[in-house]
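Asks: structure for this input, please:
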Amino acid sequence: MTHPKPVPSEPVGELFRAAFRAHPAGVSIVTATGPEGAVGLTASSVASVAVDPAILAFSVTGGRSASVIAAAQTIVVHLVGADQLELVRAFADPSAPRFTDTMEWEVLPTGEPLLKEAIWALRCEIIHRAPLGGSVLLAAKVVDIRANPSGSAPLVYHNREFHTLLAGVPAGA
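Replies: All right, here's what the predicted structure looks like:
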């Protein structure tokens, strides 16, 4: 028996966008060093893949920073909280200045830019690149982790806006 394929009322791409606008995602800033210096971007696609070895994945799309990160051998994925909202906004806006004197950052001995404010900084080696559509899916092995426990509330991206979650309050409480 064959089943008829459902016909969406809108193009799949539009429904896909709507579905993920309604699905909250954690917020990260990914940094790397390229031929012209430090680059970075805000990402809401970072996900853990495995624990042993520690591997994460994320995607990048278009732009100079994304191209440098996609080509880099090593990167730093910064997991950020609500206290880093202005930093997140700066790295989300392609026209905003990045790595300014007012941002607390340094270049690690291994060459990657580190944003000191981040709650977690995961230095990674890119182990796989997969071009998919207009994006590149990157898998990275975590080789070093720095913690900066700040007590900052979690920050999520939902419906094209950044939102703060109440730290320590479980759903349904």
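
Asks: in this structure residue 166 contacts residue 153, no?
Replies: Yes. Counting by Cβ atoms under 8 Å, residue 153 is a contact partner of residue 166 at 6.5 Å. C-beta: built from backbone N, CA, C; applies to glycine.

Asks: the more surrounded of those two?
Replies: Higher neighbour count among residue 166 and residue 153: residue 153, with 15 against 10, using other Cβ atoms under 10 Å.

Asks: got a list of what that one touches?
Replies: Applying Cβ atoms under 8 Å, 6 or more residues apart in numbering, we find residue 153 in contact with 81-83, 164-167.

Asks: same thing but 6 Å
Replies: Applying Cβ atoms under 6 Å, 6 or more residues apart in numbering, we find residue 153 in contact with 81-82, 164-165, 167.

Asks: highest neighbour count among those residues?
Replies: Using other Cβ under 10 Å as the neighbour test, those are led by residue 81, with 23 neighbours.

Asks: counting neighbours, what do you get for residue 25?
Replies: Counted with other Cβ under 10 Å, the neighbours of residue 25 add up to 14.

Asks: can you pull up the bridge partners for it?
Replies: On the basis of DSSP bridges, residue 25 is bridged to residue 157.

Asks: ok, now residue 114?
Replies: Residues in beta-bridge contact with residue 114 (DSSP bridges): residue 106.

Asks: relative to residue 43, how far out is residue 99?
Replies: For residue 99, the distance to residue 43 (Cβ to Cβ, to the nearest Å) stands at 17 Å.

Asks: nope, residue 17 is what I was after
Replies: In this structure, residue 17 and residue 43 are 17 Å apart, going by Cβ to Cβ.

Asks: the more surrounded of the two?
Replies: More crowded of residue 17 and residue 43, by other Cβ under 10 Å: residue 43, with 24 against 13.

Asks: and that one, what pLDDT?
Replies: What the model reports as pLDDT for residue 43 is 96.

Asks: which residues sit in contact with it?
Replies: Applying Cβ under 6 Å, 6+ apart to residue 43 gives the contacts 28, 30, 58.

Asks: how about the most centrally placed residue in the chain, phi and psi?
Replies: For the chain, residue 43 is the residue whose C-alpha lies nearest the centre (Cα atoms, centre = their mean; 2.7 Å). When read as degrees, to the nearest 10, the backbone of residue 43 gives phi -130, psi 140.
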